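> heads up, no residue letters with this:
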């Protein structure tokens, strides 16, 4: 008699449980319905973008920056005359400039916006005479017939991809906003985190452009692997893996300032970054050879406290006592030898850099070089080499106007090294660290595989002065680095 009663009891429990599940489902459906009804009742942006959060300084209507129609209840109407990227250089004066006219005006003419130095340095290396004021002035040549036209095409489509007119390359840590948003909005793995504007950019914002084997990456101790698959790790895997900056990198010694918690903006202040030139940048001597008799010359984040110079980190707010240079070598060689000649722990020395435009659809020569530090080139090679779908044509975008043009720019190196820092005497008489910045070789193969230009080199010096951001102790044999350039310095002098 007990078994039928137990069975009946469990059947009742199951029925009750089922009823409860149905009730919960009905509650959820009703809640979703109410939420949709509430959203339909809202007007404009908030009906769809209910999760957007602003900082206290920008907590106003979305249309103040993005325009659009705030009275519409549907997407099409709300997006009428929408400005999707109000911080883009083409819109920032009208949008951001409403409240920040001075900052926008200064930024528009700054080297970070114009890339004037990089543009003219490379163009004049290959024979250009005129000086351009902005990268957008670089002439466009779909089918170059001269060496200068080829170099201009290289700049527009391969080299200058980290400017504020684009949202960066397609790698997790290199995607960002455009214009003002390049530095003042936070992105993680290519996605905008929030609309809370960052007043003082951190290193992540800086290094979304200053990555690869360029200044900025060295500050964090990153040195790119070579592009050839045999020189990268992990070597054995065929699976996708995380490459935040497009190419794997060696973990070398970071700069001592980075180890102590200082950010890029602690030396490169916002005023200097948006000035017409970078000549006002802090020098090592500004802090480490501080002149106590001239305290008014200190930048705003440096103060004197208890007769000691103290730097306040702009991102963390932490105070850092600044050690003073007391070694007798500073007084003896300081006016003739740049600080990093002794204090740089390592430097980039990639030579030579080969840039090859190919208009052909033969991709197999690049099978071992599919990693190209360009997501566009990498995606094209991966697809055309390994996919069963129709091939992509040999073409890539102009990074300035977005137009897709024939030809693909490939890149490679003769060798990549960080050892044996190169030291030379500059034209001003100062001994400095040099690197082969302009050791460029440019080639062009047309669609019929005819070699139009082969291994073209520039007419100027390939080695250029460089300031490695790898500062550290000078070490015992610092004099050996410049002994051959200083006739008064014995090869192996006794250490003080």
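Yep, that arrived. All values derive from a computational prediction rather than experimental measurement.

> List the contacts of the residue nearest the centre of the chain.
Note on the chain: the residue nearest the mean C-alpha position is residue 209, at 1.3 Å, using Cα atoms, centre = their mean. By Cβ atoms under 8 Å, 6 or more residues apart in numbering, residue 209 lies in contact with 162, 168, 174, 176, 182, 216. All C-beta spots, glycine's among them, are computed from the backbone N, C-alpha and C.

> So for the fourth one, what pLDDT did the model give?
At residue 176, the model reports a pLDDT of 93.

> Which of the contacts of residue 209 fall within strands?
Per DSSP state E, strands hold no members of the contacts of residue 209.

> quick one: what helix or strand has the nearest residue to residue 162 once chain neighbours are set aside in it?
Of all residues not flanking residue 162 in the chain, residue 209 sits nearest, at 4.1 Å (Cβ to Cβ, 6 or more residues apart in numbering). Using DSSP states H and E, residue 209 maps to neither a helix nor a strand.

> Could you pull up the residues touching residue 375?
Per Cβ under 8 Å, 6+ apart, neighbours of residue 375: 169-171, 246.

> and the contacts of residue 209, which of them are in helices?
residue 182 (DSSP state H).

> which one of the contacts of residue 375 has the most neighbours?
Using other Cβ atoms under 10 Å as the neighbour test, the contacts of residue 375 are led by residue 169, with 24 neighbours.

> Now that one: closest residue in space that isn't a chain neighbour?
Closest residue in space to residue 169, ignoring its immediate chain neighbours: residue 375 at 5.2 Å, by Cβ to Cβ, 6+ apart.

> neighbours of residue 475, just the number please.
Neighbours of residue 475 (other Cβ under 10 Å): 12.

> Then the one 5 residues further on?
Burial of residue 480, expressed as a neighbour count using other Cβ under 10 Å, amounts to 14.

> Please apply the same query to residue 364.
Counted with other Cβ under 10 Å, residue 364 comes out at 9.

> mind checking how far the residue lying closest to it once chain neighbours are set aside is from residue 455?
Of all residues beyond its chain neighbours, the one nearest residue 364 is residue 385 (7.3 Å), with distances taken as Cβ to Cβ, 6+ apart. Computed as Cβ to Cβ, to the nearest Å, the residue 385 to residue 455 distance reads 25 Å.

> which residues in the stretch 151-300 of the chain form strands?
Applying DSSP state E, counting those that start in this stretch to the stretch 151-300 of the chain gives strands spanning 187-188, 191-192, 222-224, 249-251.

> and the last one, what's its mean pLDDT?
Spelled out, that is strand 249-251. pLDDT averaged over strand 249-251 gives 93.

> got the buried residues for that strand?
Buried residues in strand 249-251, defined by neighbour count with 16 or more other Cβ atoms under 10 Å: residue 249.

> Parallel or antiparallel, which strands does it pair with?
strand 222-224 (antiparallel) (DSSP bridges).

> Please state the offset of the strand it pairs with from the chain centre?
13 Å (Cα atoms, centre = their mean, to the nearest Å).

> same question, stretch 69-82
With Cα atoms, centre = their mean, you get 34 Å for stretch 69-82.

> what comes up buried for that stretch?
69, 72, 78.

> Where is pLDDT lowest across the residues you listed?
Among those, pLDDT bottoms out at residue 72, giving 83.

> hmm, back to that, can you pull the pLDDT of the residue nearest to residue 364?
96.

> go on, residue 32?
Reading off the model, residue 32 has pLDDT 55.

> And for the one 10 residues further on?
At residue 42, the model reports a pLDDT of 46.

> circling back: list just the nearest of the buried residues of stretch 69-82 to residue 320.
Nearest to residue 320 among the buried residues of stretch 69-82: residue 78, at 48.6 Å, using Cβ to Cβ.

> For that closest one, give its distance to residue 91.
For residue 78, the distance to residue 91 - Cβ to Cβ - is 18 Å.

> can you check residue 165 too?
Taking Cβ to Cβ as the measure, residue 165 falls 12 Å from residue 91.

> What of residue 147?
If you go by Cβ to Cβ, the gap between residue 147 and residue 91 works out to 36 Å.

> So which of the two has more stuff around it?
Higher neighbour count among residue 147 and residue 91: residue 91, with 20 against 16, using other Cβ under 10 Å.

> That one contacts residue 85, correct?
Yes - the criterion here is Cβ atoms under 8 Å, and residue 91 meets it with residue 85 at 6.5 Å.

> list residues touching both of those two?
residue 179.

> just the helices in the stretch 1-150 of the chain please.
Remark: helices assigned in the stretch 1-150 of the chain by DSSP state H, counting those that start in this stretch are 2-41, 63-66, 75-78, 101-108, 111-114, 116-125, 147-154.

> whoops, I mixed them up, the stretch 301-450 of the chain
328-333, 339-343, 375-386.
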